[in-house]
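1. Okay, here's the prediction I keep looking at, along with the sequence it came from:
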Amino acid sequence: MNEATLFGLMIFIVVLLMSQAFVAPMMGSTRAAKRRLRQRIRSLGETADGGTHAALVRKKQWQNLSRIEQWLESLPMMEPVAILVVQAGLERPAHRIVQRSALFALSVGLLAGWYTGDLLTALLLATAAAYLPFFALMRRRRRRLQAFEEQLPNALSVIARSLKAGLPFSEALNVVSKEMKEPMSKEFGQVFNELNFGGDLRSALLGLLARMPNVAVMAVVTAVLIQRETGGNLAEVLERISALLRDRFRFQRSVRTLSAEGRGTAWVVSVMPFLLAAISELINPGWITSLVSDPIGQQLTIGAFVLMVVGILWLKYLVNIDV
């Protein structure tokens, strides 16, 4: 592996870690928060109903597929990808994402192997290229979930006002689907269609929770299901949840503003060594080559890179606050 490839790989790893640590939304970004959310969703019965909804969506997509594509779609490894596709709001078979990933990996791997002649470099670049379609899919899913959660307080206010005006709950969902933008309109429109065609309210709401797995949606679904079983003023409950979500967003923005200095410092500290190395190479050509070719220089470079990765992970732990 030559010097340019080594430094390019280091830069790629640092930028990937920084983007995952400090660009991803803070709320719900921690692994512990996701684990707690999955446990709570299971307690509401998501495993049975959410899996059924995902299967129905896939069967609906299979109608326009060939037999080979249907066989690929039926493979067990496609199930998690299909769930990601549904949560990202896309209407495409899961196997096409996997095919695109394999095509990227093969193309980049062959090109890197022909250009560098190094098998390890080609495998590393091919692995990174294979991850790109899934990275784009998860990024689209994350943005869609964030947009849905930001629209949810307004949607709850619309439902509460519709209920106070005398409309039934299903018609209130229809008002939201017509008045609001994507993704709120599409998701609540799907819940309304399920109820309108004779579906069960619990199944429809749990399907919404399976497509939009976050704490805010779980709170709304729980409140509606409890109200249906015990009775009460649903409009008042939804208004309180809407106010609570707005307060939560305000607090989240305050936390993000207060932690902005830490994130900026993390970016500067992480990128500065590579900028200084590039400037030093421009001023004194061959300096990087002499550093990397020397055994002690190689050890120092690897040690500095390991310490940089540890520092990024530590800054992520300090800056990302679970709201």
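-> Received, thanks. Numbers count the residues shown, from 1 in each chain.

2. Show me the chain divided up by domain.
-> 1-26+259-323, 145-249 (automatic domain parsing).

3. mind checking the end-to-end distance for the last one?
-> According to C-alpha to C-alpha, to the nearest Å, domain 145-249 extends 14 Å from its N-terminal end residue to its C-terminal end residue.

4. now the domains of the chain as JSON lines including mean neighbour count and distance to Gly113?
-> C-beta: built from backbone N, CA, C; applies to glycine. Shown next, in JSON lines, are these (neighbours: other C-beta atoms under 10 Å; distance: least, C-beta to C-beta, whole Å):
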{"stretch": "domain 1-26+259-323", "mean neighbour count": "14", "distance to Gly113": "12"}
{"stretch": "domain 145-249", "mean neighbour count": "18", "distance to Gly113": "38"}
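
5. To Val86, which of these lies closest?
-> domain 145-249 (5.8 Å; C-beta to C-beta).

6. in this protein, which helix or strand is least confident?
-> Lowest by mean pLDDT, DSSP states H and E among the helices and strands of the chain is helix 46-62, with a mean of 48.

7. Just the residues contacting the one helix or strand Glu187 maps to, thanks.
-> Using DSSP states H and E, Glu187 falls within helix 184-196. The contact list for helix 184-196, computed with C-beta atoms under 8 Å, 6 or more residues apart in numbering, reads 89, 148, 151-152, 155, 170, 173-174, 176-180, 201, 203-205, 207-208, 211-212.

8. Average pLDDT for the following helix or strand past it, rounded please.
-> The helix or strand immediately downstream of helix 184-196 is helix 201-211, counting by DSSP H and E. Helix 201-211 shows a mean pLDDT of 85.

9. ranges for the helices of the stretch 201-323 of the chain?
-> 201-211, 215-230, 234-258, 260-283, 287-293, 295-319 (DSSP state H, counting those that start in this stretch).

10. Quick one, which of those helices gets closest to Thr116.
-> helix 287-293 (15.4 Å).

11. Trp267 and Ser157, how far apart?
-> Between Trp267 and Ser157 the computed distance is 37 Å (C-beta to C-beta, to the nearest Å).

12. now do Lys186
-> Applying C-beta to C-beta, the value for Lys186 to Ser157 is 19 Å.

13. In the chain, where's the longest helix?
-> Counting residues, the longest helix found in the chain (DSSP state H) is helix 119-164.

14. Look up the closest residue to Arg246, ignoring the ones flanking it.
-> In space, and not counting its chain neighbours, Arg246 is closest to Pro153: 5.0 Å by C-beta to C-beta, 6 or more residues apart in numbering.

15. pretty sure that neighbour contacts Arg248?
-> No. The pair Pro153 and Arg248 fails to qualify as a contact (C-beta atoms under 8 Å) at a distance of 9.1 Å.

16. Could I get the pLDDT score of Gly89?
-> At Gly89, the pLDDT value in this model is 81.

17. Equivalent analysis for Arg36, please.
-> Per the predicted model, pLDDT is 62 at Arg36.

18. Going forward, the N-terminal residue is numbered 11.
-> With 11 as the first residue, the last one maps to Arg46.

19. which residues does Phe144 contact?
-> 91, 94, 107, 111.

20. quick one: the last one from Val91, how far?
-> Between Ser111 and Val91 the distance is 9 Å, computed by C-beta to C-beta.

21. Tell me how far stretch 234-245 lies from the chain's centre.
-> When distances are taken as C-alpha atoms, centre = their mean, to the nearest Å, stretch 234-245 is centred 31 Å away from the chain's centroid.

22. what's the span of it, first residue to last?
-> Its first and final residues considered, stretch 234-245 spans 10 Å by C-alpha to C-alpha.

23. quick one: average confidence on it?
-> Per-residue scores along stretch 234-245 average to 83.

24. Check stretch 147-167 too.
-> Averaging pLDDT along stretch 147-167 gives 89.

25. how far out from the middle of the chain is it?
-> The answer for stretch 147-167 is 11 Å, by C-alpha atoms, centre = their mean.

26. Other residues contacting that stretch?
-> Outside stretch 147-167, the residues within contact range by C-beta under 8 Å, 6+ apart are 34-35, 37-38, 91, 94-95, 97-100, 107, 186, 190-191, 193-194, 197-198, 222-224, 226-227, 230, 248-249, 251-253, 255-256, 259.

27. now do 7 Å
-> Contacts with stretch 147-167, where a contact means C-beta atoms under 7 Å, 6 or more residues apart in numbering, come from 34-35, 94-95, 97-99, 107, 186, 190, 193-194, 197-198, 222, 224, 226, 230, 248-249, 251-252, 255-256.
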